[in-house]
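In: Sequence plus predicted model, see below.
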Amino acid sequence: EWNNMTVEITGFSREEAMGQDLVKVYITEEFRDQVSMVLTNALGGQETANFEFPLFTKNKQRVEVLLNATTRRDVTGRPIGVIGVGQNITERKQVEMEKTR
């Protein structure tokens, strides 16, 4: 689900996001294959924790995201989707970079 935090981070409303290809539209080109693989793996039952990647907001600002992708299953245990939990870690990454200078 394109929740309120996702709207806040990206600047894209639910209505703008629905029906869009998440990877092609919202993920930077250099990370599309990796993010696609994380989501495909989750659909196949292989979950991913703490995957970091950048995306660009509606205002063209770069946001660093930490993603956990979990398999969503029906009552029989069959994979039916992916639950992606993303966290904006932009400020944390900036602080880390400043410390290494």
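Out: Cool, the structure landed.
In: State the three-state secondary structure for the residue lying closest to residue 65 once chain neighbours are set aside.
Out: Of all residues not flanking residue 65 in the chain, residue 86 sits nearest, at 4.7 Å (CB to CB, 6 or more residues apart in numbering). C-beta coordinates here come from the backbone N, C-alpha and C atoms, glycine included. The local conformation at residue 86, judged by DSSP: H, G, I helix; E, B strand; the rest coil, is strand.
In: Could you pull up the residues touching residue 86?
Out: 6, 9, 65-68 (CB atoms under 8 Å, 6 or more residues apart in numbering).
In: List the contacts of the helix ranked longest in the chain.
Out: Longest helix in the chain by number of residues (criterion: DSSP state H): helix 32-43. With contacts defined as CB under 8 Å, 6+ apart, helix 32-43 is touched by 22-24, 27, 47-48, 51, 53, 67, 69-71, 79, 81-84.
In: so for that helix, what's the average pLDDT?
Out: Averaged over helix 32-43, pLDDT sits at 94.
In: now the angle between helix 32-43 and the very next helix or strand once past that helix, please.
Out: Next along the chain after helix 32-43, taking DSSP states H and E as the criterion, comes strand 48-56. Angle, strand 48-56 to helix 32-43, by axes from the mean of the first three to the mean of the last three CA atoms, to 10 degrees: 140 degrees.
In: Check which residues of whichever helix or strand comes after strand 48-56 are buried.
Out: Remark: after strand 48-56, the chain's next helix or strand is strand 62-73, criterion DSSP H and E. Within strand 62-73, the residues scored as buried using 16 or more other CB atoms under 10 Å are 63-69, 71.
In: just stretch 38-47 next, same as before
Out: So for stretch 38-47, counting by 16+ other CB under 10 Å, buried means 38-39, 42.
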